[in-house]
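Novice: sequence below, structure please.
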Amino acid sequence: MVRGKTQMKRIENATSRQVTFSKRRNGLLKKAFELSVLCDAEVALIIFSPRGKLYEFASSSVQETIERYRRHTKSETSTTFRSVEQNVQHLKQEAANMMKKIELLEAAKRKFLGEGLGSGSIEELQRIEQQLERSLINVRARKLQVFMEQIQQLKEKEKALIDENARLSEEHGIHLQLPTKDQNETQPQYCAESSPSSDVETELFIGLPDTRTRRLSHQV
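Specialist: You can find the predicted model right below:
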């Protein structure tokens, strides 16, 4: 069975609290002494009892250890402060550089839009013109590429529709033959005319007009 950790709290009984303080104080002073001797460490221990009585232990001198502690913490604080200050200065410098770059980019953008060109030299204007020409070439190339891709997609859709039409025609037993452009141009056009009267000529005749007249007279 695993026992949970006992929560530490203040001893309510005054006598028990005083006895516990004496035992733990003596044990803590003993451990501090052993640490200083075994590990050659500089140890300073200060204890105030509940009634304000002072108990202390120092391997050398409590006052000297306290002064050493103050110098150490002051040095660390100064080092940390300098490090933070240097970081702040570095960030400020980077922010200033970024602002300058943004201003230059904004000025260049306005010039590419045809604004603020009054103070530009002929060399600068020529550079802007060349850059715009290169940009225009890139835009046209991309536009042509997009057109070609769209045409290819339309061709693929057309092929898919033709295949689907052929499949449906085959399933339903319908044979469709679409006339080609050449067939439409070379195929002769015939026009049949009918009339209830027998006097109206319905026979197709090909030839010169005078030959047609002679043929009609022979038939009469």
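Novice: stretch 36-45: end-to-end distance?
Specialist: Stretch 36-45 has an end-to-end distance of 11 Å (criterion: C-alpha to C-alpha, to the nearest Å).
Novice: I'd like the average pLDDT over it.
Specialist: Mean pLDDT, taken over the full extent of stretch 36-45, equals 92.
Novice: buried sites along it?
Specialist: 36, 43-45 (16 or more other C-beta atoms under 10 Å). C-betas here are computed from N, CA, C, even on glycine.
Novice: next: stretch 57-70.
Specialist: For stretch 57-70, burial by neighbour count (16+ other C-beta under 10 Å) applies to 57-59, 65.
Novice: if we look at stretch 42-62, which residues are touching it?
Specialist: With contact meaning C-beta atoms under 8 Å, 6 or more residues apart in numbering, stretch 42-62 is reached by 17-18, 21, 25, 28-29, 32-33, 35-36, 41, 64-66, 68.
Novice: in terms of distance to Ile11, which of those ranks first?
Specialist: For the contacts of stretch 42-62, the minimum distance to Ile11 (C-beta to C-beta) is 4.1 Å, reached by Arg17.
Novice: chain neighbours aside, what residue packs nearest to the closest one?
Specialist: Ile11 (4.1 Å; C-beta to C-beta, 6 or more residues apart in numbering).
Novice: residues near the one you found, how many?
Specialist: Neighbours of Ile11 under the rule other C-beta atoms under 10 Å: 13.
Novice: that one should be in a strand, yeah?
Specialist: No: looking at Ile11 with DSSP: H, G, I helix; E, B strand; the rest coil, it is coil, so not inside a strand.
Novice: per-residue pLDDT, it?
Specialist: For Ile11, pLDDT reads 89.
Novice: now swap in Ala107 and tell me
Specialist: 81.
Novice: within the helices and strands, which one has it?
Specialist: Assigned by DSSP states H and E, Ala107 falls within helix 62-112.
Novice: tell me the helix or strand right after that helix.
Specialist: helix 122-171.
Novice: lowest average confidence across helices and strands of this protein, where is it?
Specialist: When the helices and strands of the chain are scored by mean pLDDT, DSSP states H and E, helix 181-186 comes last with a mean of 50.
Novice: returning to what we had before: how far away is the residue nearest to Arg17 from Gln152?
Specialist: Noted for Ile11: a distance of 88 Å to Gln152, by C-beta to C-beta, to the nearest Å.
Novice: how about Leu28?
Specialist: Using C-beta to C-beta, one gets 86 Å for the distance from Leu28 to Gln152.
Novice: of those two, who's got more company?
Specialist: The residue with more neighbours, out of Leu28 and Gln152, is Leu28; 14 against 10, by other C-beta under 10 Å.
Novice: okay, and that one sits in which element?
Specialist: Assessed by DSSP H and E, Leu28 sits inside helix 14-39.
Novice: now do the buried residues in that helix.
Specialist: Using 16+ other C-beta under 10 Å as the burial criterion, the residues of helix 14-39 that qualify are 21, 32, 36.
Novice: let's have the buried residues of stretch 57-70 in JSON lines, adding pLDDT.
Specialist: Below are the buried residues of stretch 57-70 laid out as JSON lines (pLDDT from 0 to 100):
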{"residue": "Phe57", "pLDDT": "92"}
{"residue": "Ala58", "pLDDT": "91"}
{"residue": "Ser59", "pLDDT": "89"}
{"residue": "Thr65", "pLDDT": "90"}
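Novice: in strands, which of these appear?
Specialist: Members of these lying in strands (criterion: DSSP state E): 57-58.
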